[in-house]
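# compute the structure for the input listed below.
(3 chains)
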Amino acid sequence: MTSAVPLKLIEVSKSFGSLQALKPLTLGIGGGEMLALLGPSGCGKTTTLRIIAGFEAPDTGQVVIGGVDVTDLPPNRRGLGMVFQNYSLFPHMSVGANVAYGLRMRGVPAAERTARVRRILGLVRLEQYEDRQIHQLSGGQQQRVALARSLVTNPSVLLLDEPLGALDKNLRERMQFELREIQRRLGITSIIVTHDQEEALTMSDRVAVMAEGRIVQVGPPTEVYEHPRTRFVSEFLGTANIFSGIVADRAGPRSWSVALDLDRSPRSLVESDEALAAGHRVLLAVRPERLKLGPPEADGIRARVQDVVFRGSYFAYELAVPGSPGPVFAYAQAREAVPADGIVGVSWGAGGAIVLRDAP
Amino acid sequence: MSVDVEQAPAALAALPARRPGGPYRLARSTWTVPVLVFLGFFFVIPLGANIWRSLATGDALTQGAFVFYGKLLGDAYYAGILYETFKVGVIATALSLVLGYPVAYFMVRHAGRWNGVIVFLLIAPLLTSIIMRTFGWRVLLARRGPVTMLLHDWGLIARPTNLADDPVAVYVALVHVLVPFMVLSISAVLQQVDVRLEESSRVLGAGPLATFFRITLPLSLDGVATGCILVFVVTNGSFLTMLLLGGGKVTTLSLLIYQQFNVAQDTGFAAAMGNLLLFVALACLALQARFLRRQGIRP
Amino acid sequence: MTPPAAYPAPGGAGAPAPRRRRRRPNWAALALGAYVVAFLGFIVAPIAAVVMVSFSTASFITFPIPGLTLRWYWRIIEYRPFVDAMIVSIEVALASTLIAAALGVPAALALARARGAASALLSNFLLAPITVPAIVLGLALLYFLASLSLGLSFTALLIAHTVAGIPYVVRTVLAVYRALPPDLEEASAVLGATRWQTFRHTTLPLIRPGIFAGGLFSVLTSLDNLPLSFFFGSASTSTLPVVMLSYMENQFDPSIAAVSTVQMLIAVVALVVTDRLYGIEKLTAA
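Predicted structure coming up:
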């Protein structure tokens, strides 16, 4: 239906008054790729999307869509599709008229318009709703109308601004798959802005994590999750336990042993692609599900169970570790939980800890 | 972090200067130009010319710039009219407040589903002309009009006279036109006063009157101020009521402007009178804006 | 349908009804209510009196009216100045409102979403003509327009009423447009609409209730704006209130009552038509 069009942002920046909302940012999105812009509010992700849409003019830089510099084009001449956070459906029009709007603006003849509206409403499974008024629809249905309206004009790029934010949890999970499925089927280059890490990981080919106006890390969801570069990324994408320590010596081709500040005993626990020099301070992140709980006499950090919660498929522990500033979190799959106040030994296997790039 | 981000061409190192432009908006700021030109020409210039006329034409040229204003404030006849204008404004405002407050209170605390009916009856007179309402009072207050007859039957007046030509008719008609504005101003504010504050006061041992004067009234002062200033300003600008009622015994500044315009064409003096009226109106509005700001309420 | 016997309806016939305590009549509230009824009588009385007198068979004002007739309504039609003035009044009201809307709506759209002191100042400036007493505005405009040799013309009358009408249109459009989410227009733009198309197909339909409410205010005010109109009165440019006033200075018969009643009906019709066509109640829904 659509030929995949790549999009490039080159040195794009934007300030609002004295606030630098976006520091010079360069980012390429391949044709047919779904990229998630993920970050807390105020990180610049929405500004980035609005610059691509043409609602904000960047102070510097270029927006290139399919090889054409569109930086100075108004929104209506960029040929984009966009789903807004609150859908922004026209309240004075029926479902059919909403979807047909973009075609009408382009002067598509009525007969073709009707056919294309029908086809796209079929794609989002709303064939029966063409004559309904917007306020007669549920939130999920409105979301699908907004999607249909943005796709009917065969846009080169689809922009999704927190598209599922207004839906309740169950519906949101269902729509994540549905939206992803439609995007794959059409092969349309897409950018989704979200503050929900799960949504970003589920829906995208690549995730760009943003903070304070710049991209901190870009990569496939698994890579960003498994190999966060900074403490911010590791903590924003799920839960992470942060430990500091000093590199002791090399333990294998890609592994080093590190003496944690907690107990100062060297452990060969850390993998890194880059060489680590002995004596250097490092910051480590360990995901709660990578932590293993064993008997206290085993080779591990001694910890006391403060709290334990059953989460359906696993037990979530909050552990007190002497010398640690905050609690340590661990998720363990076991038939029985270690009760509160039990003493355990905490350890992780090879590859369980990631070396962060932050200054420790 | 160059996973597959294409490197920017080196040529871009010399970045273009900051691009101008705010966010996308439908309306450009130039869309205000036609109305600004129109009002500049037909609102600002005429009012400005009026100030110039009052300071630098006719007698003002020969006897000093402020001669017209001096005459207005110094001459016993005109000073009397200014006093009359002020008196009428104050009395009409006070009457509207006293008569209107209970209605506003009733609307907010007791009316329930009748509230809509009351609002409708307060607004409906706006669909009729001032002449119609003034004429209505001429009918009601005529020598053989129903109000006069009723007052006579009750023994409140010795014999039927044409009350429409009595100064009291001016106040009756003014209050009739203006009290809806007072009621609506007060009820809008009273609506936001939490009824629980009044209940707390009662629980703490205050009687209904003490509660009213210590809790309800102070909290509704914004509406009272808005209503009073509105009524006062509009009264100052009215002349039809004084023209058609009161038998010509109530002469205010607006009426004087009307009469001067029809009789003597002393443009400089008429302009000075108009400016005085305008000045009072603007002063009242400034007072109101200040009052609302002090209360931390956005108008 | 009766509920199954096993599940008696809560509070139904089975349970003994709690004895309702006799409410003490709230004398203060009752007195207040009686006062409000009297007050509303005071508000309605002069209007009702005029309508009644307009059907009176007596050629002088008397109460109660001796009989019913429509002769005063015929008198309006026979007395040319009334008909001419009514036409002038309606023409001025409609034309000035149209111009006020053409000037005021684009400006309101530009100012509603703009931030900063300048735009706030400009908004207040556009609302300023309301605050100037009409008699002062009329006087100032007459002198100024006379110096442009436009003194006693329909154009002068139209200009004066347009100045007075602009604030009403601007005020309601500002309010309605500010309540409208800005991303509707962004959605329209992304879908390929030019500025004009966005205005035509998205903005205008959504702010239309505001335009018509403001327009209605402007029309009603114009119809009754004697202090503004009488400065520009001439044989061909006198509005209805001006003619009524000069008629009353000479005669005092029920034809004034009939004209007033007709004018009230025109206003009511304007209100009902606007409401039917463009749903003023949508203003609150939007």
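# low-scoring pLDDT stretches of the chain, where are they?
You didn't say which chain, so I picked chain A. The model of chain A has pLDDT under 70 over residues A:1-3, A:266-268, A:298, A:359-360.
# can you look at chain C instead?
Ranges of chain C meeting pLDDT under 70: C:1-25, C:235, C:278-286.
# can you give me the buried ones in the lengthiest helix in chain A?
Using DSSP state H to define each element, chain A has its longest helix at helix A:169-186. Neighbour-count burial for helix A:169-186 flags A:R172, A:M175, A:Q176, A:E178, A:L179, A:R180, A:I182, A:Q183, A:L186 (criterion: 16 or more other CB atoms under 10 Å in any protein chain shown). Every residue, glycine included, has its C-beta placed from N, CA and C.
# repeat for stretch C:30-38
C:L32, C:V36.
# tell me how far that stretch lies from the chain's centre.
The chain centroid and the centroid of stretch C:30-38 are separated by 29 Å under CA atoms, centre = their mean, to the nearest Å.
# could the C-alpha coordinates of it be exported in CSV?
Output in CSV follows, covering the C-alpha atoms of stretch C:30-38 (Å, rounded to 0.1, in the frame of the first residue of the first chain):
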residue,chain,number,x,y,z
LEU,C,30,-41.0,31.4,52.7
ALA,C,31,-40.9,35.1,53.3
LEU,C,32,-37.9,35.3,51.0
GLY,C,33,-39.7,33.4,48.4
ALA,C,34,-42.7,35.7,48.6
TYR,C,35,-40.4,38.6,48.2
VAL,C,36,-38.8,37.1,45.1
VAL,C,37,-42.3,36.6,43.6
ALA,C,38,-43.1,40.2,44.2
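# which residues sit against it?
Residues outside stretch C:30-38 that contact it (CB atoms under 8 Å, 6 or more residues apart in numbering or on different chains): B:P102, B:V103, B:Y105, B:F106, B:M107, B:H110, B:A111, B:I118.
# most neighbours, which of those?
B:V103 (25 neighbours; other CB atoms under 10 Å in any protein chain shown).
# what's the pLDDT at that residue?
Reported pLDDT at B:V103 in the predicted model: 93.
# ok, now which ones touch it?
With contact set as CB under 8 Å, 6+ apart, B:V103 has these partners: B:I118, B:V179, B:V183, C:Y35, C:V36, C:F39.
# repeat for C:S119
Applying CB under 8 Å, 6+ apart, we find C:S119 in contact with C:L111.
# would you format the contacts of stretch C:30-38 as a markdown table with distance to A:L35 and secondary structure included?
Listed next are these as a markdown table, based on distance: CB to CB, whole Å; DSSP: H, G, I helix; E, B strand; the rest coil:
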| residue | distance to A:L35 | secondary structure |
| --- | --- | --- |
| B:P102 | 66 | helix |
| B:V103 | 63 | helix |
| B:Y105 | 61 | helix |
| B:F106 | 62 | helix |
| B:M107 | 58 | helix |
| B:H110 | 61 | coil |
| B:A111 | 59 | coil |
| B:I118 | 60 | helix |
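# the chain: helices as residue ranges?
Just so you know, I chose chain A. A:45-53, A:95-105, A:110-123, A:139-151, A:169-186, A:197-203, A:221-226, A:231-236.
# could you do chain C instead?
Using DSSP H, helices in chain C cover C:27-53, C:71-78, C:80-112, C:117-127, C:134-147, C:154-178, C:183-190, C:195-198, C:204-223, C:226-229, C:240-250, C:255-278, C:282-285.
# which one of those helices lies closest to A:K23?
helix C:183-190 (24.4 Å; CB to CB).
# quick one: contacts of the closest one?
With CB under 8 Å, 6+ apart, helix C:183-190 has contacts from A:53-55, A:74-76, A:78, A:80-82, A:84-86, A:88-90, A:101, A:105, A:149-150, A:159, B:24-26, C:197-198, C:201-203, C:206.
# now stretch B:261-281: average pLDDT?
Stretch B:261-281 comes out at a mean pLDDT of 84.
# list the buried ones in it?
For stretch B:261-281, by 16+ other CB under 10 Å, it's B:261, B:266-278, B:280-281.
# over to stretch A:8-25?
So, applying 16+ other CB under 10 Å, buried residues of stretch A:8-25: A:8-15, A:20-22, A:24-25.
# with adjacent residues omitted, what lies nearest to the residue in chain B positioned nearest to chain C?
Nearest residue of chain B to chain C: B:G136, at 2.5 Å (CB to the nearest CB). Nearest non-adjacent residue to B:G136, counting by CB to CB, 6 or more residues apart in numbering or on different chains: C:P46, 2.5 Å away.
# so the one you found sits right up against B:W137, yeah?
Yes. With contact defined as CB atoms under 8 Å, C:P46 counts as touching B:W137 (5.2 Å).
# between these two, what contacts are shared?
Shared contacts of C:P46 and B:W137, counting by CB under 8 Å, 6+ apart, come down to B:A173, B:H176.
# and the helix or strand harbouring B:S187, what does it pack onto?
Taking DSSP states H and E as the criterion, B:S187 maps to helix B:167-190. For helix B:167-190, the elements it packs on are helix B:76-109, helix B:115-123, helix B:130-140, helix B:221-237, helix B:240-244, helix C:27-53, judged by 3 or more CB pairs under 8 Å, 6 or more residues apart in numbering or on different chains; DSSP states H and E.
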